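# pasting the sequence and the predicted coordinates here, then a few questions.
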There are 2 protein chains.
Amino acid sequence: MAEPHERAARREGERLAELGRRRGFFFPSYEVYGGVAGLYTYGPHGAALKRHVEAAWRDRFTVKEDNFEIEGPTITPKAVLDASGHTDGFDDMLVTCPSCTASIRADHLIEDHTDVEDAEALPPAKAGTLITEHELACPSCGTPLADEPVESFNLMFETAIGPGDGDPGYLRPETAQSIFVEFPRLAEYARSSLPFGVTQIGTGYRNEISPRKGLIRVREFTMAELETFVDPDRNDPPLDRVADVSLRLYPIDAQRDDGTAYREESVADATDAGIIGDPWIGYYLGVARRWYDRIGVDGDRLRFRQHLPDERSHYASDCWDAEAEIDGDWIEIAGFAHRGCYDLSHHAEASGEEFTVFRPYDEPIERERATVSPDMATLGPEFGTDAPSIAAALEELAETEPGAFADETVLVSVDGARFEVPVDATGFTRETVTETGEHVMPDVIEPSFGIGRTVYTLLVHALETDVVDGEERTFLALDPSIAPTTVAIFPLMDRDGLGEQARDLAASLRSTGLEVDYDDAGNIGRRYRRQDEIGTPYCVTVDYDTLEDDTVTVRDRDTTAQERVAADELPSVIKALLAGDRSIGADG
Amino acid sequence: MAEPHERAARREGERLAELGRRRGFFFPSYEVYGGVAGLYTYGPHGAALKRHVEAAWRDRFTVKEDNFEIEGPTITPKAVLDASGHTDGFDDMLVTCPSCTASIRADHLIEDHTDVEDAEALPPAKAGTLITEHELACPSCGTPLADEPVESFNLMFETAIGPGDGDPGYLRPETAQSIFVEFPRLAEYARSSLPFGVTQIGTGYRNEISPRKGLIRVREFTMAELETFVDPDRNDPPLDRVADVSLRLYPIDAQRDDGTAYREESVADATDAGIIGDPWIGYYLGVARRWYDRIGVDGDRLRFRQHLPDERSHYASDCWDAEAEIDGDWIEIAGFAHRGCYDLSHHAEASGEEFTVFRPYDEPIERERATVSPDMATLGPEFGTDAPSIAAALEELAETEPGAFADETVLVSVDGARFEVPVDATGFTRETVTETGEHVMPDVIEPSFGIGRTVYTLLVHALETDVVDGEERTFLALDPSIAPTTVAIFPLMDRDGLGEQARDLAASLRSTGLEVDYDDAGNIGRRYRRQDEIGTPYCVTVDYDTLEDDTVTVRDRDTTAQERVAADELPSVIKALLAGDRSIGADG
């Protein structure tokens, strides 16, 4: 597989970090106090862009998919994360420099300086051996790390709930658990009818050893997760809705053979051919691909990669990532996991509560059931203190092997000892019961999206440069419906009533629900440049002709073409532009 | 002042908790593991209602007020909260039962069992004395608490950032600090032009000693805060926009004299008369009052109460709360604080960075400035190791007392010792400089809203009971634009094509951006009852007449009146209903 972009592209991240600060998309938090690695603040335009991405996700994965959304707390008691496996398994490998005390992620160190790939899957001891064998050194101070211990470091932020020593709690590593743990109640809201899906958009936390790459590897992030609860015996997603969506797949076999190209397949073909093992995963890959198109992820810089077997999470039986190409690297922006009944069964076991739904049979089933009702007045004198255990053994035997009660006596084992009990004293009977259904523990299919990474991808993929009037211009070709601001209104200057007219126009556009910016600072060229850099698709200028004929100039961000339109038609023109029913001509 | 509601109203909270669970508004989190006090999950309808309240707040306080919104992290390094005063001052008083080890809020214990009001403002030692004097006992086990120590308990959740012991961090107690700490950058985005406002909607945390009262006193909550940065010398909010808004005020003097009624005053009158001391506070009380009307807070159960002097936060020079009446208690649902320059000056001092904006003079000012440029070749040999200190002292003296350089020698003091320096060796000069403006540290006016408490208030104030067809009916009279679902579509039954038609109708309404529920379970009466309880303003039934004449029945939640309308006019009918331009007649 070829690197899709050239070395020049490697500077995208740096250019974006600079643009992000200058234009208020995102910046490192708390810089006046020296900053905290892995914590970022979204400035005005970044927060707006992020909100629009969240709204688009909600529209697609909650509303249109007919799921429901909840909002749970981020503070999570230890019992929940014990059951989910996070207190034990949510670790990274840490090696500490004996000289400068820098904390280093052992797997990153190994991947960066050896041919070993996917070092994250190694056991810590093996990682230690590799560090010693390859004579790896501290990236900060150069001290050799041979024979330094490699330790598991749990990535959850820990806290104490309540006064005194408090109860141990953690900041949730994923929003999913606050859905799973409320399953019994959520199933009631869904009237116990499978499949149903529950979504949540919220904060997740990961106490990274060494955060890096701007918004990509951070300690606090927004996730959008959908937990789909499906009947394990009826695997029938509405595949026809996305059957012909084309996917660029990077399955396990292609990853193992570096010469193999991606496979471009429709959802239907990939699922039929078994490249994607589970139909629900196939369905969501199709839905996600369409959604990425809609919000502006570059289809040529997007692929779906299957997890290698040793890379999968502890809960997943199959998993694919959506990966976006950024600066020549492929970055996970969403995961699609078949979690089976891992989470529900663990919470059921740990809490002792029911995590099932009742599935009615098509028709009631008549079943013979054998029961006992041991006569303790006989068993007691005969077997003494063993009598209660013998009664329990008889109950189990009646359920599992009713034939054993066919003779006059029945043999049971209690703790290795065998007892012979007269059948008359067991109260053995057979009865016919009518069963209307059974309790089923659903499987879970989980599409999980990183919102911050999606926002970052949109910015990187939208960042363009061209030459306008002999000068280089930077602009963000964001989808108009996702851009932080939809329309910017400029008075040519704030005098002779131009400012009033422009402000009135801005207010009337705002009242139609559009996000509108008003700007009268600097010359028009500088104002265009500013709006280009924040990705505003349409700029509208009010000038002296407006006072004469009530027309304004509309300018397109990407083509810089301009056109005069009647001011009172502006709302419908903008609406038509957003719907793609119109474009800006070139008479300006 | 009279209790506005009767004892019967005291059960509102219990009724709502039951409805909240059953209908999916909110419920205690993690109940399968026994729950965690003070943590709640919003179910499907609660999450939708909360989102609508947030959107309405954003529309009012961000968009229409022309402010900008940011989104910062919840994890906050210690340095920030040291400077803001939270590591020292964000405490509650804790007394621990020596027998059952229950943690008890000393001020609540005192308020509940003595005549002392506002015990929160007492010093811990005084609280301990009161507990002893009044012979107060543990509410859990009855053990006397006399002479038990009363301690300050910091209410921030603590955590460690990064591996090893990590750096100390806290979950933010308010969203405000992540705005203040980024002020230098935010001022740039605002082009340093005062006033400007920055909003944030996000999670705040408070490790309550004893959470109680459902959604009212919780450990994790959503806040919506607006920090308005204003020129301290130009106190001119756009008061005319809200001049005639009527406020029910409960100022300090009325609180001190229990016989005094509320004062009903317009914003203009209350500000002119000095009842509200600061015009910006008056402005925001007016904006808030209108907003509460718009979203459905009952105006008869809302008041604005001024903080008593000893109740004010450490940073506030004046503060008013919006309080809603719930179950006979008055609950704070928003605060309006004049924070002065408390936060910015503390962050400036602690970080050493500039937290000011440059305010240009109307006209440049010419000013004489004296400077020195000491000749170290002379000072060094003459004064030895004292020379650098002497040079620094000369610099300061030139600034503060240039007249001291009038003679041939100048006298300076360094650490109490006096030195005589020839003026020739100081390089003393006077020059004329032109200054175009000055650096100003803004004051901060902060309206701060509790979103969860607002949601809870809306539910309590909307909860109504009447009798329909001889049966008691519970319904939520939520504002139609805020209700979780706007329209519910029912097929009379799911057969003969009624289901298809109803689903098509639901889909077409959804495509216009409305939140639509489809329900075909149970008889129509039960479905109405269900929608009444979640506050859906309009129910639409598709029946056999629909197949004949393409009309559907629209039913109004509050009046239960029904009317048949043409199916293809439904979107415009709903739009007119939402706009208040139409009502449902009574021909059904």
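In hand now; what should we look at?
# enumerate the residues of the stretch 51-200 of chain A near chain B.
A:63-64, A:68-77, A:79-80, A:94, A:96, A:101, A:103, A:153, A:157-164, A:166-167, A:169, A:171, A:178, A:181-182, A:184-186, A:189, A:191 (C-beta under 8 Å from any C-beta of the partner chain). The way it works is simple: take the backbone N, C-alpha and C, and place the C-beta from them, glycine included.
# okay, now the unreliable bits of chain A?
A:1-10, A:213, A:258-260, A:312-316, A:586-588 (pLDDT under 70).
# longest helix in it, by number of residues?
As assigned by DSSP state H, the longest helix anywhere in chain A is helix A:279-295.
# can you give me the buried ones in it?
Within helix A:279-295, the residues scored as buried using 16 or more other C-beta atoms under 10 Å in any protein chain shown are A:279-289, A:291-292, A:295.
# could I get those residues in JSON lines, plus columns for distance to A:Arg339?
As requested, those are exported to JSON lines (distance: C-beta to C-beta, whole Å):
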{"residue": "A:Pro279", "distance to A:Arg339": "16"}
{"residue": "A:Trp280", "distance to A:Arg339": "11"}
{"residue": "A:Ile281", "distance to A:Arg339": "11"}
{"residue": "A:Gly282", "distance to A:Arg339": "16"}
{"residue": "A:Tyr283", "distance to A:Arg339": "16"}
{"residue": "A:Tyr284", "distance to A:Arg339": "13"}
{"residue": "A:Leu285", "distance to A:Arg339": "16"}
{"residue": "A:Gly286", "distance to A:Arg339": "19"}
{"residue": "A:Val287", "distance to A:Arg339": "18"}
{"residue": "A:Ala288", "distance to A:Arg339": "17"}
{"residue": "A:Arg289", "distance to A:Arg339": "21"}
{"residue": "A:Trp291", "distance to A:Arg339": "21"}
{"residue": "A:Tyr292", "distance to A:Arg339": "22"}
{"residue": "A:Ile295", "distance to A:Arg339": "26"}
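# residues in contact with A:Gln72?
Check again: residue A:72 is Gly, not Gln. A:Thr175, A:Ser178, A:Ile179, A:Glu182, A:Gln200, A:Gly202, B:Ser29, B:Thr41, B:Tyr42 (C-beta atoms under 8 Å, 6 or more residues apart in numbering or on different chains).
# make it 7 Å
A:Ser178, A:Gln200, B:Ser29, B:Thr41 (C-beta atoms under 7 Å, 6 or more residues apart in numbering or on different chains).
# run through the helices of the stretch 401-550 of chain A in chain order.
A:451-462, A:498-510, A:524-534, A:544-549 (DSSP state H, counting those that start in this stretch).
# burial of the residue nearest to A:Pro144 when sequence neighbours are not counted, as a residue count?
Once flanking residues are discounted, A:Pro144 sits nearest to A:Ala137: 5.1 Å by C-beta to C-beta, 6 or more residues apart in numbering or on different chains. Using other C-beta atoms under 10 Å in any protein chain shown, A:Ala137 has 18 neighbouring residues.
# I'd say A:Ala137 and A:Glu148 touch.
No - here A:Ala137 does not reach A:Glu148: they are 10.5 Å apart, not a contact under C-beta atoms under 7 Å.
# so how far is the first residue of stretch A:64-80 from its last?
End-to-end span of stretch A:64-80 (C-alpha to C-alpha, to the nearest Å): 31 Å.
# same list (the helices of the stretch 401-550 of chain A) but as JSON lines, adding mean neighbour count.
Listed next are the helices of the stretch 401-550 of chain A as JSON lines, based on neighbours: other C-beta atoms under 10 Å in any protein chain shown:
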{"stretch": "helix A:451-462", "mean neighbour count": "25"}
{"stretch": "helix A:498-510", "mean neighbour count": "18"}
{"stretch": "helix A:524-534", "mean neighbour count": "18"}
{"stretch": "helix A:544-549", "mean neighbour count": "13"}
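# quick one, which of the ones you listed gets closest to chain B.
The closest of those to chain B is helix A:498-510. By C-beta to the nearest C-beta, the value is 6.9 Å.
# distance from the chain centre to the helix or strand hosting A:Gln177, please.
In the assignment (DSSP states H and E), A:Gln177 maps to helix A:176-180. Taking C-alpha atoms, centre = their mean, to the nearest Å, one finds the center of helix A:176-180 at 13 Å from the center of the full chain.
# my read is A:Glu120 is in a helix, agree?
Yes - under DSSP: H, G, I helix; E, B strand; the rest coil, A:Glu120 sits within a helix.
# burial of it, as a residue count?
When neighbours are counted by other C-beta under 10 Å, A:Glu120 registers 16.
# and the contacts of A:Gly72, which two are furthest apart?
Comparing all pairs in the contacts of A:Gly72 by C-beta to C-beta, the longest separation belongs to A:Gln200 and B:Ser29, at 12.5 Å.
# looking at these two, which has the bigger crowd around it?
Set A:Gln200 next to B:Ser29 and count neighbours by other C-beta under 10 Å: B:Ser29 wins out with 25 against 22.
# residues contacting that one?
A:Gly72, A:Pro73, B:Gly35, B:Val36, B:Leu39, B:Tyr40, B:Thr41.
# ditto for A:Pro124
By C-beta under 7 Å, 6+ apart, the residues touching A:Pro124 are A:Met93, A:Val150, A:Glu151, A:Ser152.
# so which of those residues comes closest to A:Glu515?
Distance to A:Glu515, by C-beta to C-beta, is smallest for A:Met93 among the contacts of A:Pro124, at 44.9 Å.
# need phi/psi at the closest one.
Dihedral pair for A:Met93: phi -90, psi 130, per degrees, to the nearest 10.
# gap between it and A:Ala17?
28 Å (C-beta to C-beta, to the nearest Å).
# try A:Tyr518
Going from A:Tyr518 to A:Ala17 by C-beta to C-beta gives 28 Å.
# same check, this time on A:Glu382
83 Å.
# which bits of the stretch 301-450 of chain A sit near chain B?
The stretch 301-450 of chain A comes close to chain B at residues A:His347, A:Ser351, A:Glu353, as judged by C-beta under 7 Å from any C-beta of the partner chain.
# most surrounded residue in those residues?
With neighbours taken as other C-beta under 10 Å, the top of those is A:His347, carrying 24 neighbours.
# just list what the helix or strand containing it packs against, helices and strands only.
Using DSSP H and E, A:His347 sits in helix A:342-351. Secondary-structure packing of helix A:342-351 (3 or more C-beta pairs under 7 Å, 6 or more residues apart in numbering or on different chains; DSSP states H and E): helix A:78-84, helix A:176-180.
# quick check: next helix or strand after it?
Counting by DSSP H and E, the next helix or strand C-terminal to helix A:342-351 is strand A:357-371.
# now that next one, how far from the centre of its chain.
39 Å.
# ok, now stretch A:116-133?
28 Å.
# from one end of it to the other, what's the distance?
Chord length of stretch A:116-133, first to last residue, is 12 Å (C-alpha to C-alpha).
# how close does A:Val218 get to chain B?
Separation of A:Val218 from chain B (C-beta to the nearest C-beta, to the nearest Å): 9 Å.
# ditto for A:Arg289
For A:Arg289, the distance to chain B equals 22 Å [C-beta to the nearest C-beta].
# need the contact list for the residue nearest to that residue when sequence neighbours are not counted.
Closest residue in space to A:Arg289, ignoring its immediate chain neighbours: A:Val245 at 5.3 Å, by C-beta to C-beta, 6+ apart. Contacts for A:Val245 (C-beta under 7 Å, 6+ apart) come out as A:Ser266, A:Val267, A:Gly286, A:Arg289, A:Arg290.
# strands of the stretch 51-200 of chain A, start to end?
Ranges of strands within the stretch 51-200 of chain A are A:68-69, A:75-77, A:91-96, A:103-105, A:150-154, A:158-161, A:167-171, A:196-205, based on DSSP state E, counting those that start in this stretch.
# point out the most buried one among the ones you listed.
Highest mean neighbour count among the strands of the stretch 51-200 of chain A (mean count of other C-beta atoms under 10 Å in any protein chain shown): strand A:75-77, with a mean of 25.
# who does that strand pair up with?
The pairing partners recorded for strand A:75-77 under DSSP bridges are strand A:167-171 (antiparallel).
# nice, that's everything, thank you.
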